[in-house]
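Peer 1: Mind looking at a prediction? Sequence and model below.
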Amino acid sequence: QVQLVESGGGSVQAGGSLRLSCAASGRTFSYYAMGWFRRAPGKEREFVAAITWYARSTNYADSVKGRFTISRDNAENTVWLQMNSLKPEDTAVYYCAAYNQAYAYYNNMPNYWGQGTQVTVSP
């Protein structure tokens, strides 16, 4: 069984920063990559960023490039999302996700999901 637990969400004013964490437990040896998605009110869930577990290759949505940084610690089975220069449109529930194989990663179809953490950015 795989568990992903997010933390670090909260409320911040526009221009501020937050750092999200995702702790993975269970069959973590099977991860190919991990990532973050978000769902804004009234919208569908969208991809934010991802990082491969060994090559440390990263991928970002255009809307967050230059503002968000994804990183991970293999030994701690943890992935972070550093969010800077936050905008009100970044308000969403942020979900941690894990891909257990390259096919899932390159087709952006995570195999596991966390419960989500709320990020609210006020004007």
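Peer 2: Received the coordinates, thanks.

Peer 1: Report the secondary structure state of the residue nearest in space to the middle of the chain.
Peer 2: Taking C-alpha atoms, centre = their mean, the centroid of the chain lies closest to W36, which sits 2.0 Å from it. Secondary structure, DSSP: H, G, I helix; E, B strand; the rest coil: W36 is strand.

Peer 1: any chance you could map the strands in this protein?
Peer 2: Secondary structure of the chain, counting by DSSP state E: strands at 2-7, 10-13, 18-26, 33-39, 46-52, 58-60, 68-73, 78-83, 92-99, 112-113, 117-122.

Peer 1: so what's the residue nearest to the centre of the chain scoring on pLDDT?
Peer 2: W36 is assigned 98 on the pLDDT scale.

Peer 1: Return the residues in contact with it.
Peer 2: For W36, the contact set (C-beta atoms under 8 Å, 6 or more residues apart in numbering) comprises L20, C22, V48, A49, A50, I70, V79, L81, Y94, Y95, C96, A97. Bear in mind the C-beta positions are built from the backbone N, C-alpha and C, glycine included.

Peer 1: List the residue ranges of the chain that fall below the pLDDT cut-off.
Peer 2: Applying pLDDT under 70 to the chain flags residues 28-30.

Peer 1: Now with 80, please.
Peer 2: By pLDDT under 80, the weakly predicted segments of the chain are 1, 27-31, 55.

Peer 1: How about the residue in it that sits furthest from its center?
Peer 2: P123 (22.9 Å).

Peer 1: how close does it get to V93?
Peer 2: Distance, P123 to V93, by C-beta to C-beta, to the nearest Å: 19 Å.

Peer 1: cool, and A104?
Peer 2: The gap separating A104 from V93 is 22 Å, by C-beta to C-beta.

Peer 1: now do C22
Peer 2: Distance from C22 to V93, counting by C-beta to C-beta: 13 Å.

Peer 1: more neighbours, those two?
Peer 2: Just comparing C22 and V93: by other C-beta atoms under 10 Å the higher neighbour count belongs to C22, 26 against 18.
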